[in-house]
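S.K.: Pasting the sequence and the predicted model now:
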Amino acid sequence: MGTLKGREAARHRLREAAWATLQQRGLEGTTVRAVAEAAGCAVGAVYLYYPNKTALLEDLVLGALAELGRQVAMRSNRPALEAVTGGMCAVFGAGKPAADLLLVLFRSGSTAETEFGRRVAGRLLTALAPLTAQLAGIAPQEAAAKALAAACFAFGFTLFESSGLLARLGGDAAAVVGAATP
């Protein structure tokens, strides 16, 4: 099977090929065969690392959530809602492929009892930590409600932006986030 470094390089190449395929073909057109073609390998090689398309897409989602955590951390000097929304747009606001990846993420909400659902929840909690920290001084139920509302705004706004609807309506992303930021 090769060295650990070689296996990780192969997984990285497959993730890049999956992302490129998602950009070119969309969610439905992203198949294991299409990813293998984009990576320049046999279909069987993909199955060495991912048992199916869902597992490959889940790996992309987890990678995107890790990047979300990094993006939010880079914006830590801004208000929490602005940092989270800015991070969401940086990761998921790159057009239709990113919106497709968000759909995979949202579908994971119904799989909270799975290992993937738990990993998604953990990465989301890490990425949304600035919201939690900002609300630490208020009653727990109120803080939870505010953090949930802010997270819903950030996710909804990102879908709105990544779908292109905000631009078609002539909306200004900074103005929308500014209006929602206390």
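M.R.: That came through fine.
S.K.: Next, count neighbours for residue 38.
M.R.: Using other C-beta atoms under 10 Å, residue 38 has 20 neighbouring residues. (Each C-beta comes from the backbone N, C-alpha and C, glycine too.)
S.K.: What is the burial count for the closest residue in space to it that isn't next to it in sequence?
M.R.: In this structure, residue 38 finds its nearest non-sequential neighbour in residue 17, 3.8 Å apart by C-beta to C-beta, 6 or more residues apart in numbering. For residue 17, the neighbour count with other C-beta under 10 Å is 21.
S.K.: which strands and helices sit next to the helix or strand harbouring residue 17?
M.R.: According to DSSP states H and E, residue 17 maps onto helix 4-29. For helix 4-29, the packing partners by 3 or more C-beta pairs under 8 Å, 6 or more residues apart in numbering; DSSP states H and E come out as helix 32-39, helix 43-49, helix 53-74, helix 96-107.
S.K.: pLDDT score assigned to residue 117?
M.R.: pLDDT, residue 117: 72.
S.K.: Same question for residue 33.
M.R.: Looking at residue 33, the pLDDT reads 96.
S.K.: Isn't it up against residue 42?
M.R.: No. Counting by C-beta atoms under 8 Å, residue 33 stays clear of residue 42, with 10.0 Å between them.
S.K.: Domain map for the chain?
M.R.: 1-50, 53-180 (automatic domain parsing).
S.K.: Confidence-wise, which of those domains is weakest overall?
M.R.: Sorting the domains of the chain by mean pLDDT places domain 53-180 lowest, at a mean of 71.
S.K.: and residue 51, what element?
M.R.: Using DSSP H and E, residue 51 falls outside every helix and strand.
S.K.: May I have the phi/psi pair for it?
M.R.: Backbone torsions for residue 51, taken as degrees, to the nearest 10, come to phi -70, psi -20.
S.K.: any idea how far it lies from residue 88?
M.R.: Going from residue 51 to residue 88 by C-beta to C-beta, to the nearest Å gives 29 Å.
S.K.: sorry, back to before: angle of the helix holding residue 17 against helix 53-74?
M.R.: Per axes from the mean of the first three to the mean of the last three C-alpha atoms, to 10 degrees, the angle that helix 4-29 makes with helix 53-74 is 110 degrees.
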